[in-house]
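Undergrad: okay, here's the prediction I keep looking at, along with the sequence it came from:
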Amino acid sequence: MLKPTKKYLIICTLRLGDILLSTPIAHSIRQHDPHAQIDYLVLKGNEGILEGNSIINNVITSPHRTSLFNRIKEYFFLWNKYDVALSPVSSDRARWYCFISAKKSYGFYNEHTSKLSKHLLTDSILFDDLNTHTVIHGQKLLSFLTISPSNTVVPPFKELDLSKFNIHTPYFVIHPYPKFNYKMWDKAKWIELIKYIKQKSVEVILTGSSDKNELEYCHDIQQATGSLNLAGKLSLGEVGALIKKANCYIGPDTGITHIAAATGTKTVALFGPTNPVKWGPWPIGNFSGNPWVLKNNPLINNIIIVQGENGCVPCNKEGCENNLLSFSDCILNISVDHIKNLII
């Protein structure tokens, strides 16, 4: 077995979508150096987004909270273990892990980042949270390594036997439940849309996590529509495999929608207050700059972004009351007929 030419650690201590949209960094390094060791460090519980990713050698999980003894033990395990550490997220935690784990480290800082935290990195770039897509933004770190960006998002994947669930093509995958209320569409509208799809002799499969509220939400839709409910039954890699074979995927602004986009399947993404310039699903085969504008985006490759008609869109707030419990009128006002006209 060949000894790795260099050891890289990519540190992404945020959510699933952040991790997935950082995979072009790993893909670019692998293209540049096929024999490199490329590891990831993510928060425990988020490692599933990297399931089946053959570009990555190892995934290290870090508990969000743990005892001082275990944290120090973790630091010793990582100490100076890598040649290069990269963090596409701007946080003190990520910069600290960069500092302890590698001889050279590169990442981002915000205007409010302390000088001490910024100096934990060998070099850094000011974080742009508005005008640069996350895929392009993360790959800016490659400029420190003279590596060309590939712009290729790598979705999780694990083989799935469709016959196990008696699934036959054609079928659509719908992921109706986002993590936050401000990204939520109306349950009654999901039911109306699914009934319409099934009238066209197309099966509908629901996906979701094992979260109690999400399971109940998907169960209600299943009961009303007779769709196949796989919420809580699949790993993220299996969800990726399911979507890859689907005729279409429909979902809100969530990590699963980013997975769908990366599989190449036609993806209809329902967006509310979120800025698509920064967070729009990355179109398959997009190798040129920012794909999205703030509003009224056209179909790009396999992606359709559907936004509300409200004049405030996108406000970039967490709902109309600007808190995680509030809802967004813009996404709630998206009509079922609008979606129907896009899919069949």
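TA: It's in. Worth saying up front: this structure is predicted, and the values here are computed from it rather than measured.

Undergrad: helix or strand for the closest residue to His338 other than its chain neighbours, just tell me which one.
TA: Taking CB to CB, 6 or more residues apart in numbering as the measure, His338 lies nearest to Val306, with 6.4 Å between them; neighbours along the chain are not counted. In this view, the C-beta of every residue, glycine as well, is placed from N, C-alpha and C. The secondary structure element spanning Val306 is strand 303-307 (assigned by DSSP states H and E).

Undergrad: next one: Gly107
TA: When elements are assigned from DSSP H and E, Gly107 belongs to strand 102-109.

Undergrad: quick check: next helix or strand after that strand?
TA: Taking DSSP H and E as the definition, the helix or strand that follows strand 102-109 towards the C-terminus is helix 115-118.

Undergrad: what's the first helix or strand after that next one?
TA: Beyond helix 115-118 on the C-terminal side, the first helix or strand identified by DSSP H and E is strand 123-126.

Undergrad: show me what that following strand is packed up against.
TA: Applying 3 or more CB pairs under 8 Å, 6 or more residues apart in numbering; DSSP states H and E, one finds that strand 123-126 contacts strand 102-109.

Undergrad: what is the strand it packs on packed up against?
TA: Here strand 102-109 touches strand 82-86, helix 92-101, strand 123-126, going by 3+ CB pairs under 8 Å, 6+ apart.

Undergrad: so which bits of that strand are buried?
TA: Residues of strand 102-109 classed as buried by neighbour count (16 or more other CB atoms under 10 Å): 102, 105-109.

Undergrad: quick revisit: could you check the angle helix 92-101 makes with the strand holding Gly107?
TA: With axes from the mean of the first three to the mean of the last three CA atoms, to 10 degrees as the criterion, the two stretches strand 102-109 and helix 92-101 enclose an angle of 160 degrees.

Undergrad: and Ile167, how many neighbours does it have?
TA: Other residues lying near Ile167 total 17 when counted by other CB atoms under 10 Å.

Undergrad: can you give me the strands for the stretch 101-250 of the chain?
TA: Assigned by DSSP state E, counting those that start in this stretch, the strands in the stretch 101-250 of the chain fall at 102-109, 123-126, 171-174, 203-206, 228-229, 248-252.

Undergrad: need the winner for burial among those strands.
TA: When you average the neighbours per residue for each of these (mean count of other CB atoms under 10 Å), strand 248-252 leads with a mean of 26.

Undergrad: any idea how far that strand is from the middle of the chain?
TA: A distance of 14 Å separates the centroid of the chain from that of strand 248-252, by CA atoms, centre = their mean, to the nearest Å.

Undergrad: tell me where the model's unsure across the chain.
TA: Screening the chain residue by residue with the criterion pLDDT under 70, one finds the ranges 1-3.

Undergrad: picking up where we left off before, please report the distance of the residue nearest to His338 from Asn333.
TA: Shown here: Val306 relative to Asn333, a distance of 11 Å by CB to CB, to the nearest Å.

Undergrad: next one: Ala36
TA: Taking CB to CB as the measure, Ala36 and Asn333 are separated by 48 Å.

Undergrad: ok, Ile303 next?
TA: Between Ile303 and Asn333 the distance is 21 Å, computed by CB to CB.

Undergrad: of those two, give the one with the bigger neighbour count.
TA: Set Ile303 next to Asn333 and count neighbours by other CB under 10 Å: Ile303 wins out with 25 against 15.

Undergrad: for that one, name its beta-bridge partners.
TA: Note on Ile303: beta-bridge partners Thr267, Ile300, judged by DSSP bridges.

Undergrad: gap between it and Pro276?
TA: 10 Å.

Undergrad: equivalent analysis for Ile305, please.
TA: Relative to Pro276, Ile305 is positioned 5 Å away (CB to CB).

Undergrad: list residues touching both of these two?
TA: Shared contacts of Ile305 and Pro276, defined by CB atoms under 8 Å, 6 or more residues apart in numbering, comprise 292, 297.

Undergrad: on that earlier part again, which elements pack onto the strand holding Val306?
TA: Taking 3+ CB pairs under 8 Å, 6+ apart as the contact definition, the neighbouring helices and strands of strand 303-307 are strand 267-271, helix 336-343.

Undergrad: contacts for that strand?
TA: For strand 303-307, contacts defined as CB under 8 Å, 6+ apart pick out 261, 266-272, 276, 280-283, 291-292, 295-297, 313-314, 330, 334, 338-339, 342.
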